[in-house]
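Participant: Give me the fold of what follows.
(one chain, ligands or ions: 1)
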Amino acid sequence: MSDMEKAQHRKPVVGIVMGSDSDMPVMSKAADVLETLDIPFEMRIISAHREPDIFYEYAKHAEEEGLKVIIAGAGMAAHLPGMCAAIFPMPVIGIPMHTASLGGRDSLYSIVQMPSGIPVATVAINGGVNGGLLAAKILATSDGELLKRLKAYSEKLKEQVKAKDERLHLQGYKSYK
Ligand code: RP5
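Facilitator: All right, here's what the predicted structure looks like:
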């Protein structure tokens, strides 16, 4: 089996779940981060409201399936992350979706305002990248190799900003592209 095939067959340790396929543009950013950092993940579309029975089975069995972190994204009355946290015993990261009617404040408040005892680590509205990174950082607390990859990722961000600053210096702000 080639290295690529082996990687594809590794058991997922992160579950990415979203309430609707309309959440995909944001949730795919979390997936891209995990892929970049070589973390095996699975992705599901499961609605806590529209199919509560299927949702319950997912959350109930996530631990025995080997998941260590769940990243849950939802919009409007966004109960998916909180209900994952109520059932799954390990960390749940919530990603509130931007919404047309209330600008995502509905999703944000639904996800962040959890009652004591049931935390959801909530990132920014549409914060797909940070959702993925936070999951990686949680896993890196017990994985030195992953921590090295995360440090390299941060270094790359720093280099990108430095390059922009240099371009600004060379081009001046009027012709900065
Ligand atoms: C939530 O309702 C989903 O997470 C989505 O953000 C929102 C709207 O869903 P659709 O009507 O686009 O399927 O459950």
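
Participant: so where do the helices sit in this protein?
Facilitator: With DSSP state H as the criterion, the chain has helices at 3-9, 24-36, 52-61, 80-87, 105-112, 128-140, 144-171.

Participant: May I see the buried residues of the third one?
Facilitator: So the one you mean is helix 52-61. Residues Phe55, Tyr58, Ala59 are the ones in helix 52-61 that count as buried (16 or more other C-beta atoms under 10 Å). No exception for glycine: its C-beta is placed from N, CA and C like everyone else's.

Participant: Residues of the protein that sit close to the ligand?
Facilitator: Selection of the chain residues close to the ligand by C-beta under 6 Å from any ligand atom yields Met18, Gly19, Ser20, Ser22, Asp23, Ser47, His49, Ala74, Gly75, Met76, Met97.

Participant: and those, which are buried?
Facilitator: Met18, Gly19, Ser20, Asp23, Ser47, Ala74, Gly75, Met76, Met97.

Participant: Just give me the closest of those residues to Asp143.
Facilitator: Each of those was checked against Asp143 using C-beta to C-beta; the closest is Met18, at 25.3 Å.

Participant: Could you dump the helices of the chain into TSV with mean pLDDT added?
Facilitator: Below are the helices of the chain laid out as TSV (pLDDT from 0 to 100):
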stretch	mean pLDDT
helix 3-9	57
helix 24-36	98
helix 52-61	98
helix 80-87	98
helix 105-112	98
helix 128-140	98
helix 144-171	98
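
Participant: could I get the ones you listed as CSV with distance to Ala121?
Facilitator: Shown next, in CSV, are the helices of the chain (distance: least, C-beta to C-beta, whole Å):
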stretch, distance to Ala121
helix 3-9, 27
helix 24-36, 13
helix 52-61, 16
helix 80-87, 9
helix 105-112, 9
helix 128-140, 6
helix 144-171, 16
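
Participant: Of those, which is nearest Ile93?
Facilitator: Evaluated with C-beta to C-beta, the helices of the chain place helix 128-140 nearest to Ile93, the distance being 5.1 Å.

Participant: And for that closest one, what's in contact with it?
Facilitator: Contacts with helix 128-140, where a contact means C-beta atoms under 8 Å, 6 or more residues apart in numbering, come from 13-14, 26-34, 37, 39, 68-69, 71, 73, 91, 93, 95, 121, 123-124, 146-147, 150, 153.

Participant: PyMOL command to pick out the buried ones of those?
Facilitator: Here is the PyMOL command that selects only those of these that count as buried (16+ other C-beta under 10 Å):
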select buried, resi 13+14+26+27+28+29+30+31+33+34+37+39+68+69+71+73+91+93+95+121+123+146+150
